[in-house]
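> Here's my sequence, what's the structure:
(one chain, ligands or ions: 1)
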Amino acid sequence: MDKTLQTGPVQLQGTCLVPGDKSISHRAIMFGAMAKGQTTAKHFLFSEDCLHTIGAFKALGVNIQTTTDSVTIDGVGLDGLKPPKGPLDMGNSGTSTRLLLGLLSRQAFDMDFIGDASLSKRPMGRVLDPLASMGAKFTATAGHLPVQVAANAHLKPLDYHIPVASAQVKSALIFAALQADGVSHLTEKLATRDHTERMLRYFGGDLTTAGLTLTVTPKQHLTGQDLTVPGDPSSAAFFITAATLLAGSDVLLPNVGLNTTRIGFLNIIGQMNGAISVEKMTEGFEPTGDLRVKHAQLTGVTITKEAIPAVIDELPLVALCATQAQGVTTISGAEELRVKETDRISTITQELRKMGANIEEKPDGMIITGPTPLHAVDTNLDSHGDHRIAMMLMVAALLSQDHFKLQNADAVNVSYPKFYEDLLALIY
Ligand code: S3P
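The predicted structure follows:
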């Protein structure tokens, strides 16, 4: 679907309650199913990705009820799942695929995992290889979907240094380690989002952490819980970017997740001289806060590999901010961007260049020199089917007074179906 985009001059004013966190919504379904008893997750994210996780567990015989805002799961435990009647369709969702490959690696029946064209190009060897060394049985071509999972009664414990900084890989291995015949040790390269660890504890389980090493003991007893999913900081980042870049803006984003493993974007905008303040902080199973964002003149920044995991999903927005910042912004150590829903180093560079941005593509990042006015050099912008590229371009168009058409605009449904509506509601 193509969309004609709203352009400037505009500013953002008002309050926006951003939808629930995507990573936490996926995990709420997974833990809810693995636990005994009922789980209710309020402010759940009903986006295409999370619906694929719900669909998979329904296909595995789990009773899941939904309202407009919440989801209730009748937990069955890991031994209570039923053989699905057809393939488990993961759609576009890397998180569903990787986490479920771990979670379902010791079941008494076979399963087929399938996904869309983009997901079928993304690397799954990063979870299949360590899971196979635990004794899980897969058939896959060149480490990609479709994957056949064979029935398997035992998993060996794992001692593993995860070679890629990935919370998806870590989470898949935690789920498998919970079902292994002994204690597992997993060591991360860099700290990545810890929602799985937090939710495991919240559901009554435990794991120990020492530096970057996690120790996971198997056969834990998990009990269903009630929770409220925090607002997604990755979705909030689109409004933070728009308010920062549009003169006169002032927006309030209540109840946004502020887990330290997810606030890389806030820190980077701070380093770039942005004007974001946290008005109220609450500590729960995940910390949250109300964010106030005002317009600011940004300056360039240098971002290196240690900072990447906490900002991985917001790098398209860092690039957009950098086009409006004074000076040079360098992003390096971000080669993981090449294996996201699209090769984001390439799609960011291509699309922002069409608007006149000065971006140099590097194998592991970008060098962006600003400020450059954004305008319609070529009016055919394209999300390439990537939700975060689509939303970044919708924000970028607000900086120009030209006409823009965005191809494949409906990619936003993957993580934020009402994004454009919510953006327009803040425009003044
Ligand atoms: C996610 C982890 C990140 C992130 C993705 C969601 C998760 O992927 O990019 O959008 O929920 O664990 P990687 O861990 O593979 O970097």
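> Under the pLDDT cut-off, which ranges of the stretch 251-400 of the chain? List them.
Applying pLDDT under 70 to the stretch 251-400 of the chain picks out residues 378.
> Around the ligand, pick out the residues from it.
Contacts of the stretch 251-400 of the chain with the ligand, taken as CB under 6 Å from any ligand atom, map to 312-313, 336. The way it works is simple: take the backbone N, C-alpha and C, and place the C-beta from them, glycine included.
> Just the buried residues of these.
312-313, 336 (16 or more other CB atoms under 10 Å).
> List the ones among those residues that fall in strands.
Among these, none falls in strands (DSSP state E).
> Tell me the one of those residues nearest residue 10?
Minimum separation from residue 10 among those (CB to CB) is found for residue 313, which lies at 25.1 Å.
> Residue 25 falls within a helix, correct?
Yes: Residue 25: assigned to a helix according to DSSP: H, G, I helix; E, B strand; the rest coil.
> what's the neighbour count on the nearest residue to it once chain neighbours are set aside?
Once flanking residues are discounted, residue 25 sits nearest to residue 45: 4.1 Å by CB to CB, 6 or more residues apart in numbering. Around residue 45 sit 26 other residues, with neighbours defined as other CB atoms under 10 Å.
> For the ligand, what is the nearest residue in the protein?
residue 23 (3.2 Å; CB to the nearest ligand atom).
> so that residue touches residue 170, yeah?
No: in this structure, residue 23 is not within contact of residue 170 by CB atoms under 8 Å, at 12.0 Å.
> shared neighbours of these two, anything?
Counting by CB atoms under 8 Å, 6 or more residues apart in numbering, no residue touches both residue 23 and residue 170.
> so where do the helices sit in this protein?
Remark: helices assigned in the chain by DSSP state H are 22-34, 48-59, 94-103, 125-133, 167-177, 195-202, 233-245, 264-271, 315-324, 344-354, 387-397, 419-425.
> Pipe the ones you listed into JSON lines and attach mean neighbour count per row.
JSON lines is the format used below for the helices of the chain (neighbours: other CB atoms under 10 Å):
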{"stretch": "helix 22-34", "mean neighbour count": "27"}
{"stretch": "helix 48-59", "mean neighbour count": "22"}
{"stretch": "helix 94-103", "mean neighbour count": "26"}
{"stretch": "helix 125-133", "mean neighbour count": "19"}
{"stretch": "helix 167-177", "mean neighbour count": "26"}
{"stretch": "helix 195-202", "mean neighbour count": "21"}
{"stretch": "helix 233-245", "mean neighbour count": "27"}
{"stretch": "helix 264-271", "mean neighbour count": "21"}
{"stretch": "helix 315-324", "mean neighbour count": "27"}
{"stretch": "helix 344-354", "mean neighbour count": "22"}
{"stretch": "helix 387-397", "mean neighbour count": "27"}
{"stretch": "helix 419-425", "mean neighbour count": "16"}
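> didn't residue 90 look like it was pressed against residue 112?
No: using CB under 8 Å, residue 90 is not in contact with residue 112, being 10.6 Å away.
> With neighbour numbers in mind, choose between the two.
Legend: neighbour count by other CB under 10 Å for residue 90 and residue 112, higher for residue 90 (27 against 15).
> Identify the residues contacting that one.
52, 56, 96-97, 100, 113-115, 119, 145.
> Could you rerun that using 7 Å?
52, 96-97, 113-115, 119 (CB atoms under 7 Å, 6 or more residues apart in numbering).
> do the same with residue 262
Contacts of residue 262 (CB under 7 Å, 6+ apart): 193, 233, 310.
> The closest residue to residue 86 other than its chain neighbours: what's it in contact with?
Among residues not flanking residue 86 along the chain, residue 59 sits closest, at 7.2 Å (CB to CB, 6+ apart). Applying CB under 7 Å, 6+ apart to residue 59 gives the contacts 84-85, 88.
> between those, which is nearest residue 69?
Using CB to CB, the contacts of residue 59 come closest to residue 69 at residue 88, 25.8 Å.
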